[in-house]
Each structure stands twice: as C-alpha cells, then as structure tokens.
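Visitor: need a structure here:
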Amino acid sequence: MNFESLNIFEPILKSLKEEGYKIPTPIQVQAIPIILKGTDLIGCAQTGTGKTAAFAVPILQLLGASKSFERKKRIRSLIVTPTRELAIQIEESFKTYGRYTGLTCTVVFGGVNQNSQTSTLRSGIDILVATPGRLLDLMNQGYISLKDIEIFVLDEADRMLDMGFIHDVRRIIASLPEKRQSLFFSATMPPEIVKLANTIVYKPVKVEVTPSASTVDIINQYVYFIDKGNKNAMLIDLLKDENIKTALVFTRTKYGAEKVTKVLKRKNISAEAIHGDKAQNARQRALSGFKAQTTRVLVATDIAARGIDVDDLEFVINYEIPNISETYVHRIGRTGRAGANGTAISFCDAGEMDYLKDIEKLITKKIQVVKDHPYPLVDFDPVKAPKQQRGNHNRPRSFTPRTPFPDRRNIRR
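Guide: Numbers count the residues shown, from 1 in each chain. Just a heads-up that it's a prediction; the model follows:
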C-alpha cells in the first residue's frame with residue numbers, strides 16, 4: 001500500500017514524496033481513512049509508529065478542502081501535547097506536510113517569553129499546537145479563543161496524566177465547541193485514560209496497531225548487572241566503542257542527569273543534559289547538537305525526553321532502570337524507529353532488581369543478560385548497593401572495552 005491509495009490529495013502527497021515517505025505505517029493506514037470521514041478516533045500507539053503523520057495528514061486535508069479565502073483569523077484545529085519538545089516537533093510536522101496547502105500553523109509553550117507567540121496569534125492561524133499550561137494562560141489573557149475549533153487532538157494522554165495535567169485538560173475540553181471532531185492518542189490505556197477518553201470523543205473508532213505493553217522486536221535489548229557505584233565506569237567503557245556514534249542515556253532524576261553529564265565531560269566525551277530545569281533555549285541547543293551529532297551523548301530524564309525524535313538513533317542506555325514499567329517501553333522506543341536498527345542497554349543494580357522483573361513481566365520476555373563485563377554485580381544487598389565500589393579487582397589488566405553486541409556465549413537467556 002502507498003499514500004496515494006489513502007486518497008490523500010496532491011499538495012500533501014508532494015510534500016510526503018519530498019520527505020521520502022513511500023509506504024504508510026500501520027497506524028497511518030488505519031487512522032487516516034477514519035479521520036478523513038470525520039469520525040472521532042481513539043488511537044493506541046507507542047512512540048515511533050508514525051502517529052503524528054497519522055493525524056496531521058488528514059487534518060491538513062480536511063481543513064484544506066474547506067479553506068475559506070477569508071480566514072477571519074480563527075483557529076480551526078487544536079493539538080494539545082504534554083511537552084515543549086513534542087509540541088515543537090508536531091508543529092514542524094504540520095509545516096512540513098502542509099507546505100503546499102496554504103494553511104498556517106504555530107506552537108505555544110511555556111518557559112519562554114510569550115511575545116513572539118502572541119504576535120503570531122494576532123496574525124491569524126489555522127492550526128495551533130500547544131502545551132496545556134501556556135494554552136490556558138493565553139486563553140485567560142484573551143489571545144486564544146477555541147470557539148471555532150473543528151478538529152481537536154489530545155496527544156500522549158497517558159503522559160498528560162503522569163505529569164498532572166488532567167485538570168488543565170478538562171478545562172480546555174470545557175472551552176471547546178460541542179460540535180467538533182476529536183482524536184485521542186495514548187501509548188497506554190489504563191482505566192483512568194479510558195475514563196478521560198470517554199469525556200472527549202463521541203462514538204469513536206478505536207485503532208490499536210501495537211499492544212501498549214510490547215516492545216519493537218527489532219530492538220536488541222541487553223542488561224548489565226552492576227553495582228551502583230560502578231555505573232559511571234561501565235558507561236565510559238561502553239562509549240569507547242566507536243560504533244556508538246550517538247547515545248541517549250536515561251536517568252530518573254534531574255540531579256542524576258547533571259551528574260552523569262559532568263562525569264562524561266571530564267572524560268572528554270561530548271555530552272549535554274536535558275531536563276525540566278533547563279531553560280527552553282538550552283534544551284533546544286542540546287537537542288539540535290545531538291541531532292547534528294556534534295553532541296555524542298544526550299543525558300535525559302523521562303519527562304524531558306518525551307517527544308525526542310532523532311533519525312537513525314541506534315543506542316539507548318538506561319543508566320537507571322525506570323521504576324514504572326511502561327516508561328521502559330517509551331525509553332527504548334526512541335531507537336529502532338521506522339524499521340531502523342536499535343539497541344537498548346540497561347544497567348541494573350541490586351536495588352533495581354524488582355523494577356527489572358516488572359519490566360520483563362510487562363513486555364513478556366526476558367531481557368538478555370551480559371555476564372562477561374568488567375564490573376559484575378558484587379553487592380547483592382539492595383540496602384548496601386548504593387555504596388561506591390572502587391572497581392573490580394578481578395578486572396583483566398589489559399581490558400578491551402566490549403561492544404554492546406555481546407558474544408552469544410556470554411548471554412544468559
């Protein structure tokens with residue numbers, strides 16, 4: 001199947017071809033025809049499945065088909081998403097796919113001065129991408145009206161819930177016109193999310209292309225059992241492998257991200273941290289450098305990393321095992337995107353054993369264990385595990401750093 005078979009009109013097809021899009025992904029194949037019919041939709045799809053194009057393309061077509069020569073400066077479509085990075089990328093996608101449609105799009109988010117955003121809004125736009133806080137702020141100031149919204153999208157609904165945006169989302173929904181098309185996307189569908197969805201959509205069609213608890217099969221997943229105090233040394237050893245051109249490293253906390261970044265820089269490894277305490281311009285510089293491969297390692301917390309979409313990212317390293325199983329799926333979904341190769345490496349100390357068990361239960365598979373590495377787990381007591389280990393006395397003197405593609409003999413299944 002190709003995009004032409006989805007009845008997409010020529011201006012958008014031209015943009016897709018220029019971007020090298022040839023074959024639609026499963027979520028696009030299923031969602032685009034439903035949205036083009038004007039039907040409400042619930043989409044359950046994890047990261048890396050082509051979800052943004054699945055709603056952006058049909059929205060552009062629907063708005064373009066009914067575009068008025070006198071736009072009257074009204075916002076016709078609203079996309080609400082939890083993070084600044086994701087909002088920026090969604091806006092970029094709309095502008096890319098819609099470059100020949102004549103439709104206008106802008107993005108609003110917090111953490112920056114609002115003047116440039118309000119200036120664009122005064123000029124009039126068709127499509128608005130927004131994070132909840134800044135959207136409500138500009139609505140309260142009178143810069144944004146939602147009374148003309150024809151198509152509403154709530155993206156990453158589960159992350160909205162995790163980040164405490166549920167009340168903001170409800171206030172936004174209350175300001176929308178009753179007659180509208182609503183699209184609801186979430187990587188997972190716990191009961192709270194289902195309840196939220198039922199307040200937004202009307203007689204929806206549900207599309208689920210990949211079970212929320214599954215991981216992309218093409219991603220190679222490995223775990224290194226290691227004492228907490230040796231994780232820095234293990235990370236540095238792994239990064240001696242020249243095959244790792246770039247790596248996205250996850251920590252659980254902002255402090256942890258900064259600490260790991262400083263360790264890497266001391267070893268002359270180009271690294272930047274990205275987390276919620278970073279100013280927006282600093283986060284964008286770090287992300288731009290990582291995409292351009294001038295920064296080799298991006299150390300991120302889960303909230304800041306949501307929405308990071310980097311072409312050909314092959315390596316994700318879980319410096320710390322996430323304490324929420326679904327977060328693991330989101331993390332490793334940053335690699336192996338659109339059929340590309342991907343490798344996910346996790347460092348697991350004694351205090352994280354239960355987290356690992358929960359993850360394996362969720363993804364219904366055992367993660368391959370690398371046994372032959374220079375820092376094997378010594379302290380199996382999770383209470384004592386945080387103590388700094390001063391290295392492994394059994395480490396060979398002439399150790400050559402192992403590649404993250406271990407010999408099968410050294411893997412316990």
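Visitor: From here on, just use CA atoms for contacts and neighbour counts.
Guide: Fine.
Visitor: can you list the domain ranges for this structure.
Guide: Domain assignment for the chain by automatic domain parsing gives 3-208, 219-412.
Visitor: Rebuild those domains as TSV, extending it with mean neighbour count and mean pLDDT.
Guide: Formatted as TSV, the domains of the chain follow (neighbours: other C-alpha atoms under 10 Å; pLDDT from 0 to 100):
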stretch	mean neighbour count	mean pLDDT
domain 3-208	18	90
domain 219-412	18	80
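Visitor: those strands in the stretch 251-400 of the chain, which residues are they?
Guide: Secondary structure of the stretch 251-400 of the chain (DSSP state E, counting those that start in this stretch): strands located at 271-274, 297-300, 315-318, 342-348, 368-370.
Visitor: Just put those in a markdown table and tack on distance to Lys37.
Guide: Putting these into a markdown table (distance: least, C-alpha to C-alpha, whole Å) gives the following:
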| stretch | distance to Lys37 |
| --- | --- |
| strand 271-274 | 40 |
| strand 297-300 | 39 |
| strand 315-318 | 39 |
| strand 342-348 | 36 |
| strand 368-370 | 45 |
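Visitor: what about those strands, which gets the closest to Leu6?
Guide: Across the strands of the stretch 251-400 of the chain, Leu6 has its closest neighbour in strand 342-348 (29.5 Å, C-alpha to C-alpha).
Visitor: What strands line up against that closest one, and which way round?
Guide: In the sheet, strand 342-348 lines up against strand 219-225 (parallel), strand 315-318 (parallel) (DSSP bridges).
Visitor: Next, please give the residue ranges for the helices of the stretch 301-413 of the chain.
Guide: Residue ranges of the helices in the stretch 301-413 of the chain, as given by DSSP state H, counting those that start in this stretch, are 302-305, 325-332, 353-363.
Visitor: now the angle between strand 219-225 and the last one, please.
Guide: Our comparison of helix 353-363 with strand 219-225, counting by axes from the mean of the first three to the mean of the last three C-alpha atoms, to 10 degrees, yields an angle of 160 degrees.
Visitor: Alpha carbons of helix 353-363, in CSV - could you do that?
Guide: C-alpha atoms of helix 353-363 as CSV (Å, rounded to 0.1, in the frame of the first residue of the first chain):
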residue,chain,number,x,y,z
MET,A,353,16.0,-6.0,40.5
ASP,A,354,12.3,-5.7,41.2
TYR,A,355,12.0,-3.0,38.6
LEU,A,356,13.6,-5.3,36.0
LYS,A,357,11.2,-8.1,36.9
ASP,A,358,8.2,-5.8,36.5
ILE,A,359,9.5,-4.7,33.0
GLU,A,360,10.0,-8.3,31.9
LYS,A,361,6.6,-9.2,33.1
LEU,A,362,5.1,-6.3,31.1
ILE,A,363,6.9,-7.0,27.8
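Visitor: Remind me what that helix packs against, helices and strands.
Guide: helix 325-332 (3 or more C-alpha pairs under 8 Å, 6 or more residues apart in numbering; DSSP states H and E).
Visitor: any idea how far Thr364 lies from Leu356?
Guide: Per C-alpha to C-alpha, to the nearest Å, Thr364 is found 12 Å from Leu356.
Visitor: Sorry, wrong one. I was asking about Arg134.
Guide: 37 Å.
Visitor: Pipe the strands paired with strand 342-348 into JSON lines and attach distance to Asp168 per row.
Guide: Shown next, in JSON lines, are the strands paired with strand 342-348 (distance: least, C-alpha to C-alpha, whole Å):
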{"stretch": "strand 219-225", "distance to Asp168": "36"}
{"stretch": "strand 315-318", "distance to Asp168": "31"}
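Visitor: quick one, which of those is nearest to Asp379?
Guide: Taking C-alpha to C-alpha, strand 219-225 is the member of those nearest to Asp379, at 10.4 Å.
Visitor: Report the inter-axis angle for that closest one versus helix 325-332.
Guide: Going by the same axes, to 10 degrees, strand 219-225 makes 120 degrees with helix 325-332.
Visitor: Give me the helices and strands touching the helix or strand just after strand 219-225, please.
Guide: Counting by DSSP states H and E, the element after strand 219-225 in chain order, helix or strand, is helix 231-238. Counting contacts by 3+ C-alpha pairs under 8 Å, 6+ apart, helix 231-238 packs against helix 254-266.
Visitor: please redo it, this time with the cut-off set to 10 Å
Guide: Packing partners of helix 231-238 (3 or more C-alpha pairs under 10 Å, 6 or more residues apart in numbering; DSSP states H and E): strand 219-225, helix 254-266, strand 342-348.
Visitor: Can I get those in CSV including distance to Ala247?
Guide: As requested, these are arranged in CSV below (distance: least, C-alpha to C-alpha, whole Å):
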stretch, distance to Ala247
strand 219-225, 14
helix 254-266, 12
strand 342-348, 10
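Visitor: Which among these is found nearest to Tyr328?
Guide: Nearest of the helices and strands packed on helix 231-238 (C-alpha to C-alpha): strand 342-348, 9.7 Å.
Visitor: Now do the closest one: distance to the chain's middle.
Guide: Its chain's C-alpha centre and that of strand 342-348 lie 17 Å apart, by C-alpha atoms, centre = their mean, to the nearest Å.
Visitor: swap in stretch 168-186?
Guide: With C-alpha atoms, centre = their mean, you get 22 Å for stretch 168-186.
Visitor: For that stretch, measure first residue to last.
Guide: Terminal-residue distance, stretch 168-186 (C-alpha to C-alpha): 17 Å.
Visitor: now do stretch 288-296
Guide: 11 Å.
Visitor: got the contact list for that stretch?
Guide: 239, 244-248, 269-272, 282-287, 297-298, 308-313 (C-alpha atoms under 10 Å, 6 or more residues apart in numbering).
Visitor: ok, Asp349 touching Asn318?
Guide: No - using C-alpha atoms under 10 Å, Asp349 makes no contact with Asn318, being 11.5 Å away.
Visitor: what's across from Gly43 in the sheet?
Guide: Phe185, Val207.
Visitor: residues touching it, list them.
Guide: With C-alpha under 10 Å, 6+ apart, Gly43 has these contacts: 27, 30-31, 51, 54-55, 155, 183-189, 204-209.
Visitor: ok, 6 Å please
Guide: 185, 206-208 (C-alpha atoms under 6 Å, 6 or more residues apart in numbering).
Visitor: List just the nearest of the residues you listed to Ile90.
Guide: The closest of the contacts of Gly43, once distances to Ile90 are taken by C-alpha to C-alpha, is Phe185, at 13.5 Å.
Visitor: Distance check, that closest one against Glu208.
Guide: Phe185 is 10 Å from Glu208, by C-alpha to C-alpha.
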